[in-house]
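# Have a look at this prediction, sequence included:
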Amino acid sequence: QVQLVESGGGLVQAGGSLRLSCAASGRTFSSTVMGWFRQAPGKERELVATISPSDRTSYADSVKGRFTISRDNAKNTMYLQMNGLKPEDTAVYYCALRSIFSQTFESWGQGTQVTVSS
């Protein structure tokens with residue numbers, strides 16, 4: 001069974017930076033599509049960024065140019081570098097993975113809180 005553990009969340013002032021990490025175990029990491037999602041209070045969960053096994057990336061329009069997703073297959077770890085943080089980035093951030101043959105993210109981490117103060 002796959003386990004995903006996020007870390008790196010915290011409180012930061014607007015304009016600041018954070019780097020989230022997602023450590024995976026229990027599955028071949030390199031053959032999966034990984035993603036970061038977030039959910040703010042009272043809002044639906046939204047997709048923030050994804051990265052394919054070939055390192056092809058995609059981003060939500062709201063974070064383009066500010067966030068960078070990356071992965072280190074040797075360490076079974078995925079990252080989200082967040083720069084230029086805004087109060088509207090405040091949310092619980094989750095990492096998730098799916099098979100390259102599926103459109104559904106089937107494994108999820110427990111989430112890490114990111115709070116951006118104005």
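That came in fine, so what should we check first? Numbering: from 1, shown residues only.

# Tell me how far the residue nearest to the spatial centre of the chain lies from Thr50.
Central residue of the chain (Cα atoms, centre = their mean): Trp36, 2.5 Å from the mean position. Taken as Cβ to Cβ, to the nearest Å, the spacing of Trp36 relative to Thr50 amounts to 8 Å. (Glycine included, C-beta is placed from N, CA and C.)

# list residues touching both of the two?
With contacts taken as Cβ atoms under 8 Å, 6 or more residues apart in numbering, the residues that reach both Trp36 and Thr50 are Ile69.

# Surely the residue nearest to the centre of the chain is within a strand?
Yes. Counting by DSSP: H, G, I helix; E, B strand; the rest coil, Trp36 is part of a strand.

# Per-residue pLDDT of it, please?
As summarised for this prediction, Trp36 has a pLDDT of 98.

# Ignoring the adjacent residues along the chain, who's closest to it?
Sequence neighbours aside, Val48 is the residue nearest to Trp36 in space, at 4.4 Å (criterion: Cβ to Cβ, 6 or more residues apart in numbering).

# Mind listing residues that contact the strand or helix carrying the one you found?
Assigned by DSSP states H and E, Val48 falls within strand 46-51. Contacting residues not belonging to strand 46-51 are listed as 33-39, 57-60, 63, 67, 69-71, 78, 80, 93 [Cβ under 8 Å, 6+ apart].

# Which of these are buried? Put it as a PyMOL command.
Buried residues within the contacts of strand 46-51, by 16 or more other Cβ atoms under 10 Å, are selected in PyMOL with:
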select buried, resi 33+34+35+36+37+38+59+63+67+69+71+78+80+93
